[in-house]
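>>> Just need the structure, nothing else, for what follows:
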Amino acid sequence: MRLSVSETFVSLQGEGAWAGWPCFFIRLSGCNLRCAYCDTRYAYSEGEKRDIPGLVEEWRKSRVGLVQVTGGEPLLQAETLTLLEVLLNEGARVLLETNGSLALGNVPREVIKIVDRKTPGSGMKNFFLEENLGWLNEGDQLKFVITDREDYEWAKEKVIRLCLSCYTEVLFSPAWGGPVPFQLAEWIIADRLSVRFQIQLHKILWGEKRGT
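Below you'll find the model as predicted:
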């Protein structure tokens, strides 16, 4: 069983509740969306075909307990579900980053889902499957990438109306090249919004360098 893989590498987890932890990344190829601010466009095209046992062995040799399967959009490849199961069975703590446009119902519950809810500034806000919200729990994360004040107000309305923070962790992250971080932080503080402010740690450390 083989997957199209863009790259694998070890770095610090740069986002969300696990930010700062060493992490083994498996970036799969192919994506069904074209976000305006995408920073991994190289993953759109076909990558190298890799078998699952080989990927798992590479993770094991990395001596890192945390694994993130990302893309692209990893759920475009049916074999991703098998990869997640195998990693869990091998004792890994597994994160899955997904754009939320594909059904999450078959993702193992033990996998920590990081779901990117696309904002208007992405140009892709209408592709999210709203029923995916029902598959999120306290251990998962729902991320909004904020490009401007319009994005912020749009995301804030959803957080409040749907009480998103009542059942999962909600992250607001400034788009790289979007609002300066302190602006987003001040908006959140002023509104006393129940979300976690986050910033892309890996870009502060290494900029746009691949493999970080």
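
>>> Show me where this structure has its strands.
With DSSP state E as the criterion, the chain has strands at 2-12, 22-28, 48-51, 66-70, 93-98, 112-116, 141-146, 169-174, 196-197.

>>> tell me the mean pLDDT over the longest helix along the chain?
Longest helix of the chain, by residue count under DSSP state H: helix 149-161. For helix 149-161, mean pLDDT is 97.

>>> and it, which residues are buried?
Of the residues in helix 149-161, D151, Y152, W154, A155, K156, K158, V159 count as buried by neighbour count, 16 or more other C-beta atoms under 10 Å. Every residue, glycine included, has its C-beta placed from N, CA and C.

>>> Pick the one among these closest to G91.
Checking those against G91 with C-beta to C-beta, the nearest one is V159 at 34.5 Å.

>>> circling back to that earlier point, the longest helix of the chain versus strand 141-146: what angle between them?
Helix 149-161 runs at 150 degrees relative to strand 141-146, counting by axes from the mean of the first three to the mean of the last three C-alpha atoms, to 10 degrees.

>>> Which strands and helices lie in contact with helix 149-161?
Contacting helix 149-161 under the criterion 3 or more C-beta pairs under 8 Å, 6 or more residues apart in numbering; DSSP states H and E are the following elements: strand 141-146, strand 169-174, helix 181-191.

>>> Not counting that helix itself, show me its contacts.
Contacts to helix 149-161, defined as C-beta atoms under 8 Å, 6 or more residues apart in numbering, come from residues 117, 119-121, 125, 144-146, 164-165, 170, 172, 179, 184, 187, 191, 193-195.

>>> could you redo the last one with a cut-off of 10 Å?
117-122, 125, 133, 142-146, 148, 164-166, 170, 172, 174-175, 178-179, 183-184, 187-188, 191, 193-195 (C-beta atoms under 10 Å, 6 or more residues apart in numbering).

>>> buried subset of those?
So, by 16+ other C-beta under 10 Å, the buried ones in the contacts of helix 149-161 are 117-122, 133, 142-146, 148, 164, 170, 172, 174-175, 178-179, 184, 187-188, 193, 195.

>>> before we move on, back to that, in JSON lines: the helices and strands packed on helix 149-161, plus mean pLDDT and distance to A92.
Output for the helices and strands packed on helix 149-161, formatted as JSON lines (pLDDT from 0 to 100; distance: least, C-beta to C-beta, whole Å):
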{"stretch": "strand 141-146", "mean pLDDT": "97", "distance to A92": "18"}
{"stretch": "strand 169-174", "mean pLDDT": "97", "distance to A92": "21"}
{"stretch": "helix 181-191", "mean pLDDT": "96", "distance to A92": "31"}
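
>>> Now distance to L201 too, for the ones you listed, in a markdown table please.
Converted to a markdown table, those look like this (distance: least, C-beta to C-beta, whole Å):
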| stretch | distance to L201 |
| --- | --- |
| strand 141-146 | 14 |
| strand 169-174 | 11 |
| helix 181-191 | 12 |
